[in-house]
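when you get a sec, could you give me coordinates for this:
(2 chains)
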Amino acid sequence: MTSFDAIVIGGGHNGLTAATLLAKSGRKVLLLEAVDAVGGALRGYEFHPGFRAGGLVHMLNRLNPEVAKLIGFGGALAGAAMLPTVALSAIGAPAVLRGAYGERIDGVTAAEAACFSELREKLLFQAGILKRFLKRRPPRIGGITAGDMATFASAGMGLIRNGREEARDFLRMLLMNVADVADEYLTDDRLKGLVAFDATLGIHLGPRSPTSLLGLYYRLTGEAGGAAGAQFMPGGGMGVLAAAFEKTAVSAGVTIRTGTTVTRILADRGMTTGVVLADGEEISAPIVVSAIHPQTTFLNLVDAAELGTGFLRAVKNIRSKGNVARLDLALDRPPEFKGLSSADHRGRLVIGRSIDHVENAFNPAKYGEFSEDPVMEITIPSLADPSLAPNGAATLSALVQFAPYQIREGWKAGKPRFQRNVLDVLERHAPGIGKSILGVSLMTPQDIETRYHMPGGHWHHGELQADQLFISRPVNDAAGYSTPLTGLYLASAGSHPGGGISGLPGLLAARHILSGDRR
Amino acid sequence: MKRYDVVMIGGGHNGLVAACYLQRAGLDVVVLEKNDWVGGAATSRELTPGFTYSNCSYVCSLFRPEIMRDLELPKHGLQVIAYEGGAVFTRDGDYLASYRDHDSHRREFARWSKRDAEAYDRYARDVTKQCRFIQPLLMRTAPDPFSFRLRDISELIHLAKKFGGFTPWEMAETLRFWTMSISDFLDEYFETDVVKAYLALSGIIGTALGPMSPGTAYVLLHHYMGEVDGSVGAWGYARGGMGAISKALAASFQSWGGTIRTGVDVEKVLTKNGEATGVVLSGGEEIPGKLVVSNADVKRTFLKLVDEQDLPETFVRRVKHFKMRGSSGKLNIALDSLPEFPALPAGSSSIRGDMHFTDSIERMERAYDDWKAGRWSADPFVDMMIPTQLDPTMAPPGKHFMSCFVQYCPPKVEGRDWTDADRDAFAETVVSQIAGYSPGFREKIVHMEVRTPREIEAEVGLTEGNIFQGELTFDQLLFNRPVPGYAQYRSPVKGLYLCGSSTHPGGGVMGAPGRNAAAEILRDLRLGTQHMSPAHDVV
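Predicted coordinates:
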């Protein structure tokens, strides 16, 4: 029987990050990935003969600087050009946010730009307060450390630094809905629609839902090249990332086995001792790091007797039904969006005309239905990475929000109509695109679940909502990467601070393991 | 011109409560009410001969028992009758009955789902645990986290200690409870639609939110915090209608020497050098006062009654953005005889309680979607009661008064004002829903008063018809209510206070805002508050 110092289950970027850091500290690390390649959501796929997608992720906007440095992207981020965000309009000119989330805006009045600037400054300030907590393990009540106290103190000081009014406004806005905040500051529907969309992307809330502002705060805690709210594409497109994470892990000494499924996490008297693979092989290790969905971990891989009914009930209650569909188009030529400059086609294009448009797209999703007029985020990946399509051709990628995991009629029956809705919307904004389509791939959350082994097809491995964050993520007794099973740790998006390509769950989990703190 | 110690603008129940406490402390208080009757939204009106309507608020359970005792309301005629009963009717002709007794309730759940019956014990225990933390907060002034005053710091420490008494698990559960939606919270316990709908009912009344909105779960506490005569969890009818509460408050107030003037409309608050000096009525009459307290909502007070120049610009901006969109309507119906509900077994007690026809959370949420779109709900949620079965004073023998509280009604219909045609169409939606479960219902209707946010604002002065004088979302609760930094009943104008539901803790007919405001005023005057009972603990 082979043995290692640590086994990491799951070769997504968080698992690779955790494995790398453990290996760098001198441990013998084995990483096990069920499919035939590592990378998780960064894994590319061919969706039409000759046409590839570089993974589920459109852009980098929250890769943690330490993790970026780890994979050799520190310098690349600093030098790269920030990509714009475009609020598309079907009837007029788009609004274009340039710099880090709209340092400058084109296509709106000067007065409106000033209003947005005021809102942006306030949100960045507030996100900055929250960011202190994102980069640390959540505090264990009953085990508050000096570091936790220092974080609270520094957050408090940061709040007060701008005066009492600002501090009060923070407590007022923290759990507000994004629609009311947008209405307080802005008048342009395109900008309001954009922030409404950005706050709720990947989350099962509408812009008018209380606490929906948290999603926008989450986006603004991300940074690229030191600029909060910035987004960019690495040279060569998103496809280079999976390879970078893998190379880093291998150089650090991690042993990677792909095409290998773990079926059980072994335990003996409250301590983990290793894993069992699908073919029956046992591998022992005193430390097992699960970088896959917490529900898979606890409900499928660990013996219920090791965890307790209360804990398991809480795990079962984790809401993790994805609501984003992924569209890939193979086009015979690059699309042309109305009113958009050629350079700006390289940006992130958002279709969300107004707050009402986003809210009305959300409503049906509550009942297992989808809107006839969906909202979405679009990129044209082949512009940054021509290898994704044959010469002269192009790929288009869209994340279509509010596509429920389950629909009443079943996706088999509903998919064609949903696809038509999405293509109709695209045609309105990029006339002629319909005629240039060579191939369509549409993944519902169920398809994403199957391809990426993400229960629910939810890229955060669990709703990113107030009651499932921080000391409650994924559940209170496992919110600090330790679990009730000694030696078993969590390191996926389902842990603090959440998903997206950040590497933070993996980084913080590894740090916690290396600290030797057993709680 | 007599100079009063306190001039109270508005004789709603909170204003009367505050006035009582202040008068009892030895101050000379005058209450100025624009209507010919006091009570605001806690009134009984004879709108058709022989029938008394509780035409706005309609149940008495959350009214603080401590206040009832302090102000000797029973001595002044208030009698609250606890009721048993209630049901949710399902579309297929069945029903889920409500029982006050926990075990009876459990058995009724078991009729629908054994699993839900088992879960009910766990649910009740978990929610009651949350009550213990929340209950005392209602009768305490919300601390200002950024005042750095000793009083606020010690209050924050007091709350932290209370919270610190929880285990880490309980703490996390409390935070989750406060941020979850009713729907998600109930999903963690129950599987049956009608069971969840039944439990979710109280959660959406008066709110501009749906059961799937985060932050609605905590309203489930109300079901366990209500009290009638010491029976926690009981709901009751005030004998004679909700006006009996206001009448008793007025009598209590006057018995200590307080003055009430009705039929007078306050036009403006008078100030000198930024300090309140009294008010002026619409006729021109000036009424001087050392202090002025407003029972009107925050918008009415600061955007109509006070000169904008006397207020900081940021304060005015916050008040303008304060959300108080009406979301409810009401039908008050005089009936020739008791309606029949064939779904209920003969002799069922359910008819004496609150009845509903919305049998799933989805229907409630869809009703809310209509409100968001600026329409009244096509399939409304109705909270229906016939208190005359227990209170014979409100209608002639054999005849009945029915109160139907309805969600949702928008403050404006697709952006324009309500018309009479809208009102009637809305009423028809409700009547036809009831008629679907009660054959012959329409024929029993003798008289009907229909209230949309338009009527609620016009008659009771509740801006936009919001019955809580302001929505109950995180940004408008506790130290944020009504404006951060001004959440302790004081206003930017020295000597001007706020005491209505626009202040902490907000809500329905509770009396807590008025009581808390009085406590703050007495504190400012360095007068004692020994005559004010603190909240008793939930065990």
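
could you report the distance from residue B:21 to residue B:519?
7 Å (Cβ to Cβ, to the nearest Å). Every C-beta, even on glycine, is put in place using the N, C-alpha and C of the backbone.

quick one: which of these two has more around it?
residue B:21 (28 against 20; other Cβ atoms under 10 Å in any protein chain shown).

show me the contacts for the more buried one.
By Cβ atoms under 8 Å, 6 or more residues apart in numbering or on different chains, the contact set of residue B:21 is B:70-71, B:514-515, B:518-519, B:522, B:531-532.

repeat for residue B:496
So residue B:496 contacts B:269, B:271, B:276, B:291-294, B:306, B:490 (Cβ under 8 Å, 6+ apart).

same check on residue B:96?
Going by Cβ under 8 Å, 6+ apart, residue B:96 touches B:87-88, B:90, B:108-109, B:111-112, B:194-195, B:198, B:359.

now do residue A:86
Here residue A:86 is in contact with A:94-97, A:337, A:340, A:344, A:347-350 (criterion: Cβ under 8 Å, 6+ apart).

and these, which two are furthest apart?
The span of those, defined through Cβ to Cβ, is set by A:97 and A:337 at 15.2 Å.

comparing those two, which shows the higher neighbour count?
The residue with more neighbours, out of residue A:97 and residue A:337, is residue A:97; 30 against 22, by other Cβ under 10 Å.

hmm, back to that, between residue B:21 and residue B:519, what contacts are shared?
residue B:532.

what residues does the stretch 51-200 of chain A have near chain B?
Taking Cβ under 8 Å from any Cβ of the partner chain as the measure of proximity, the stretch 51-200 of chain A contacts chain B at A:140-142, A:160, A:164-165, A:167-169, A:171-177, A:180, A:184.

ok so, going back, ok, and the most crowded of the contacts of residue B:496?
Most surrounded of the contacts of residue B:496: other Cβ under 10 Å gives residue B:293, at 31 neighbours.

so that one bridges to which residues?
residue B:8, residue B:497 (DSSP bridges).

didn't it look like it was pressed against residue B:498?
Yes: here residue B:293 reaches residue B:498: they are 7.5 Å apart, a contact under Cβ atoms under 8 Å.

common neighbours of these two, please.
residue B:517.

what does chain B have sitting close to chain A?
B:145-146, B:168-169, B:171-173, B:175-176, B:179-180, B:184, B:187-188, B:209, B:212-215, B:314, B:321, B:323, B:362, B:365-366, B:369, B:372, B:473-475, B:479-480, B:484-485.

low-confidence ranges, the stretch 1-150 of chain A, go.
Filtered on pLDDT under 70, the stretch 1-150 of chain A yields the residue ranges A:1, A:76-79.

where along it do the helices fall?
A:13-24, A:65-70, A:74-79, A:110-134, A:146-161 (DSSP state H, counting those that start in this stretch).

can you put those helices in TSV and add mean neighbour count?
Converted to TSV, these look like this (neighbours: other Cβ atoms under 10 Å in any protein chain shown):
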stretch	mean neighbour count
helix A:13-24	30
helix A:65-70	19
helix A:74-79	14
helix A:110-134	17
helix A:146-161	13
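
got the ones you listed as JSON lines, with distance to residue A:190 columns?
Below are the helices of the stretch 1-150 of chain A laid out as JSON lines (distance: least, Cβ to Cβ, whole Å):
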{"stretch": "helix A:13-24", "distance to residue A:190": "33"}
{"stretch": "helix A:65-70", "distance to residue A:190": "32"}
{"stretch": "helix A:74-79", "distance to residue A:190": "29"}
{"stretch": "helix A:110-134", "distance to residue A:190": "9"}
{"stretch": "helix A:146-161", "distance to residue A:190": "32"}
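
closest one to residue A:483 among those helices?
Nearest to residue A:483, of all the helices of the stretch 1-150 of chain A, is helix A:13-24, at 14.3 Å by Cβ to Cβ.

who are the packing partners of the closest one?
Secondary-structure packing of helix A:13-24 (3 or more Cβ pairs under 8 Å, 6 or more residues apart in numbering or on different chains; DSSP states H and E): strand A:6-9, strand A:29-32, helix A:65-70, helix A:240-252, strand A:287-290, helix A:504-515.

distance to residue B:395 added to those, as a markdown table?
A markdown table is the format used below for the helices and strands packed on helix A:13-24 (distance: least, Cβ to Cβ, whole Å):
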| stretch | distance to residue B:395 |
| --- | --- |
| strand A:6-9 | 70 |
| strand A:29-32 | 75 |
| helix A:65-70 | 72 |
| helix A:240-252 | 74 |
| strand A:287-290 | 66 |
| helix A:504-515 | 64 |
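
these: which one's closest to residue A:413?
If we rank those by Cβ to Cβ, the stretch that ends up nearest is helix A:240-252, at 34.4 Å.

and the closest one with helix A:13-24, angle?
Helix A:240-252 and helix A:13-24 are oriented at 20 degrees to each other (axes from the mean of the first three to the mean of the last three Cα atoms, to 10 degrees).

helices and strands around the helix or strand that helix A:240-252 is followed by, which ones?
With elements assigned by DSSP states H and E, the helix or strand that comes after helix A:240-252 is strand A:255-257. Applying 3+ Cβ pairs under 8 Å, 6+ apart, we find strand A:255-257 packed against strand A:29-32, helix A:240-252.

try it again at 10 Å.
Counting contacts by 3 or more Cβ pairs under 10 Å, 6 or more residues apart in numbering or on different chains; DSSP states H and E, strand A:255-257 is packed against helix A:13-24, strand A:29-32, helix A:240-252.

around chain B, pick out the residues from the stretch 251-400 of chain A.
A:310-311, A:313-314, A:316-317, A:319, A:356, A:359-360, A:362-364, A:366-368 (Cβ under 10 Å from any Cβ of the partner chain).

restricted to strands, list the residues you listed.
Judged by DSSP state E, strands contain none of these.

ok, of these, which come out buried?
Among those, those that count as buried by neighbour count (16 or more other Cβ atoms under 10 Å in any protein chain shown) are A:311, A:314, A:317, A:319, A:356, A:359-360, A:362-364, A:366.

redo these as CSV? Include distance to residue A:378 and pLDDT.
Shown next, in CSV, are these (distance: Cβ to Cβ, whole Å; pLDDT from 0 to 100):
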residue, distance to residue A:378, pLDDT
A:311, 41, 95
A:314, 38, 96
A:317, 35, 96
A:319, 27, 97
A:356, 21, 97
A:359, 20, 98
A:360, 19, 98
A:362, 19, 98
A:363, 22, 98
A:364, 21, 98
A:366, 25, 98
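
state the pair within those residues that is farthest apart.
Across these (Cβ to Cβ), the longest gap, 41.8 Å, separates A:311 and A:356.

number of residues surrounding residue B:246?
26.

am I right that it is in a helix?
Yes: with DSSP: H, G, I helix; E, B strand; the rest coil as the criterion, residue B:246 is located in a helix.

my read: it touches residue B:20, true?
No: in this structure residue B:246 lies outside contact range of residue B:20 using Cβ atoms under 10 Å: 11.4 Å.

tell me the SS of residue B:484?
coil.

how much space separates it from residue A:288?
47 Å.

who's more crowded, these two?
Between residue B:484 and residue A:288, residue A:288 has the larger neighbour count (other Cβ under 10 Å), namely 29 against 26.
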